[in-house]
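> Starting from these lines, generate the structure:
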Amino acid sequence: MTGATKDYIKSLIPKNLPKGQDILEEGRKRGPSIKAGRSRLVRDSQFDNYLEYFKAHKERKEISWFSNVGLATIEEEVEGIKELQRWCKKLGINYHSTLAIPSTLSAIPKELRQYDSKNTSYVLETPEDFMALGNIEGMEVIQSDQVLAVPNAWFNGINALKAGSYQVGCFSQLLWNYPGCDDHVKYVSDMLRVMGVLSTKWDEGFGVSGYLDDTYPSYCKDAIAWVGYALFEQYVSTELCGVIYQVNYGGLISDIRIRAALLKALYDALWTEKQPLPVAKIQANTTRFWDHDIEANYGMLSQEMLMAVLAERRYNTGAVILPVPITEKVHVPTIDAIKGMLGVCSRLEENIEQWEEVIDFTAIDEMAEVLKREGTRFFHNMLEVLDSAGIDIKDPMQMLMFIKNFNAGLFEETFHPSAKETGEVHVNYYTDMGKLTKNMVEESAARVKSAGLTNTLKGKKVLVASTDAHVYGIQYVKSILENAGAKIVDAGVDSSVPYIFDTADEEGITCIGVSTHNGQALGIAELLLKEMERRDKKYIVFMGGRLNTILPGHSEPSDVQEMINKKGIFAENDLVRTIQMIQDSALLPGRE
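This is a model prediction of the structure:
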């Protein structure tokens, strides 16, 4: 590790940072006075908590199905979950838990919400909103998104606990940023206080979750990073904070062999006698679906879910399986889309023994051993590098601030064991990010060349940014614009609108590309227009990604591409047309 790397890592820890153990202790002192609730599922069962229910499900070697639901209002969310439950009873499949996905506004204290744009789902406003989800008969509604590693951590975390959500927040979302919420020390401290409360609820089955595809591994080419980083989150959660930790994964891994091997590798690497249920959920990938001929996506979904069933039956981790609706590529899933996906999955367990007779898992077992071994090395290398850089690896506050502030683009090259040994990353098993990055470079070069646009943007500077945590869109935009000759300034993910323009102004850039994914397109467009008006400067702004929004009076997202274009922002997912627009514009600075 170079001296520059050490200095950089050390610089991530603010001066006069409060000691993590002191903050934890504040939460632990308050813990006994905070009564944890129980979901309606647990209250109506013979079990004291959901982890006991989960353990019994594992011992019965059952396959259970899961869903993500994020609808426009809390009332619709409750009714939507109930409708899915009725549907699954009709299908005769195990469905007893779901993840509720609120708007990102829920993550932000009310006094700061004017800086953000409403998402496509409900906003958690009151304790009663949390309770409404916890009171659905026969269901464990997990309230972890936008709850723990967020500026509104104390309000959301404590209310999720009182509502009986056994996973009280997603640790992995600490990497995300929120507009107007710049006091990271304050809200990371609040996160740690909630962890302190949760440490007093271990025997009641409450803990935190990790979703690996929402954080640093999503930037990595090698699947061993999934295991290494999961061990790191477990270390901070359990060893430093005394909190139960369960991992979830799958959204950015489409290779069915790697997905199956990761199930075993994560289970074996994270299992302890105190935490015998380390893997909570395996999710379908979200990268391979088509945005055309939508019904054909059932083919990809069926393959992936069949392999998930086979892997869970073989390894018996207890993990539930989350299939993703075939419309994932084009809009936020509706209840009907989720029902269609669960309908397909309801038949996968039929004749499963026939598949088991012909499927040979030998290669996957061997892959799992490599993932576990190299992932463990990745984790130990992280601790060694941080310790060498002067980070107190026993202080949870310092560790959380490292996670919050580290440059995700440097993660793999800094901690991958092969980088330490050879100076460069040697990939064991390519993730979708690794494959797609490689393929995008090749495909975008071919597209630009065939359109006669090679080097047509030479000398032009373009800033690109994403308004959410999704990496792929921004990677693709960068790749294709670079092949057209543009010089790209990357403002990163989770970028607020003011930050995007501040960065553009600092770099002397008037051409800005914004990628958006979570149904915020129209709101983001309006914020962009207001910011341009406030700065009284001429910019070219183009948008791409998932260009939809839930409009007033609607329950489902609508395509708003034309609405955005009419407002004066170029909204287009065909980047050849975007390059032509940039090329024809007279507003850009001249060639360098």
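> Below-threshold pLDDT in this structure: ranges please.
1, 116-120, 436-438, 440-441, 469-472, 518, 555-556, 586-592 (pLDDT under 70).
> Would you map out the domains in it?
The record assigns the chain these domain ranges, following automatic domain parsing: 3-370, 432-584.
> Parallel or antiparallel, which strands does the host helix or strand of Val141 pair with?
Using DSSP states H and E, Val141 sits in strand 140-142. Sheet pairing of strand 140-142 (DSSP bridges) gives strand 97-100 (parallel).
> List of residues touching the strand it pairs with?
Residues from elsewhere that reach strand 97-100 (Cβ atoms under 8 Å, 6 or more residues apart in numbering): 41, 50, 64, 66-70, 77, 81, 84, 133, 139-145, 320, 322. Just so you know, the C-beta spots here come from the backbone N, C-alpha and C atoms, and that holds for glycine as well.
> Take the residues you listed and keep only those in strands.
Among the contacts of strand 97-100, the members found in strands (DSSP state E) are Ser64, Asn68, Val69, Glu140, Val141, Ile142, Val320, Leu322.
> Now flag whichever of those is closest to Lys339.
Nearest to Lys339, judged by Cβ to Cβ, of the ones in strands among the contacts of strand 97-100 is Val69 at 11.2 Å.
> May I have the beta-bridge partners of that closest one?
Ala100.
> That one and Ile338 touch, don't they?
Yes. Between Val69 and Ile338 there is a contact at 7.0 Å, judged by Cβ atoms under 8 Å.
> Please enumerate the shared neighbours of the two.
With contacts defined as Cβ under 8 Å, 6+ apart, the residues shared by Val69 and Ile338 are Leu84.
> Tell me which two in the ones in strands among the contacts of strand 97-100 are the farthest apart.
Farthest apart among those - using Cβ to Cβ - are Ser64 and Val69, which lie 16.0 Å from each other.
> who's more crowded, those two?
Taking other Cβ atoms under 10 Å, Ser64 and Val69 do not tie; Val69 has more neighbours (23 against 20).
> Enumerate every residue touching the more buried one.
Going by Cβ under 8 Å, 6+ apart, Val69 touches Glu77, Gly80, Ile81, Leu84, Thr98, Leu99, Ala100, Ile101, Ile335, Ile338.
> and the third one, what does it touch?
Just to be clear, that refers to Ile81. Going by Cβ under 8 Å, 6+ apart, Ile81 touches Val69, Thr98, Ala100, Leu133, Ile136, Met139, Val141.
> what about 6 Å?
Ile81 is in contact with Val69, Thr98, Ile136, counting by Cβ atoms under 6 Å, 6 or more residues apart in numbering.
> Just the closest of those to Thr516, please.
Distance to Thr516, by Cβ to Cβ, is smallest for Val69 among the contacts of Ile81, at 21.1 Å.
> quick one: that closest one and Ile352, what's the gap?
According to Cβ to Cβ, to the nearest Å, Val69 stands 27 Å off from Ile352.
> before we move on, what about Pro417?
Distance of Pro417 to Ile352, given as Cβ to Cβ: 37 Å.
> Pick out whichever of those two has more residues nearby.
Pro417 (22 against 14).
> Hmm, Met382 and that one touching each other?
No. Taking contacts as Cβ atoms under 6 Å, Pro417 lies outside contact range of Met382: 10.1 Å.
> how about Gly513, phi and psi?
Here is the backbone geometry of Gly513 (degrees, to the nearest 10): phi -110, psi 130.
> my read: Gly164 touches Gly37, true?
Yes. Taking contacts as Cβ under 6 Å, Gly164 lies within contact range of Gly37: 3.6 Å.
> list residues touching both of those two?
With Cβ under 6 Å, 6+ apart, Gly164 and Gly37 have common neighbours Gly134.
> out of those two, which sits in the busier spot?
Neighbour count, other Cβ under 10 Å: between Gly164 and Gly37, Gly164 has more, with 26 against 19.
> list the contacts for that one?
Gly37, Arg38, Ser39, Gly134.
> ok, now Cys170?
Counted by Cβ under 6 Å, 6+ apart, Cys170 has contacts Ser144, Ser209, Tyr211.
> and with 10 Å instead?
Taking Cβ atoms under 10 Å, 6 or more residues apart in numbering, we find Cys170 in contact with 99, 142, 144-150, 176, 208-211, 214-215, 233, 248.
> For the closest residue to Lys162 other than its chain neighbours, give its distance to His57.
Using Cβ to Cβ, 6 or more residues apart in numbering and skipping the chain neighbours, the partner closest in space to Lys162 is Gly37 (4.9 Å). Gly37 sits 21 Å away from His57, going by Cβ to Cβ.
> before we move on, what about Lys435?
Here Lys435 is placed at a distance of 34 Å from His57 (Cβ to Cβ).
> For the two, indicate the residue with more neighbours.
Between Lys435 and His57, counted using other Cβ under 10 Å, His57 has the larger neighbour count: 19 against 15.
> Now that one. Its backbone dihedrals?
Dihedral angles for His57 - degrees, to the nearest 10 - are phi -60, psi -40.
> Run a quick check on it versus Glu312, I expect a contact.
No. Judged on Cβ atoms under 10 Å, His57 makes no contact with Glu312 at a distance of 11.1 Å.
> tell me, what residue is most central in this structure?
In the chain, the residue lying closest to the centroid (Cα atoms, centre = their mean) is Asp214, at 2.4 Å.
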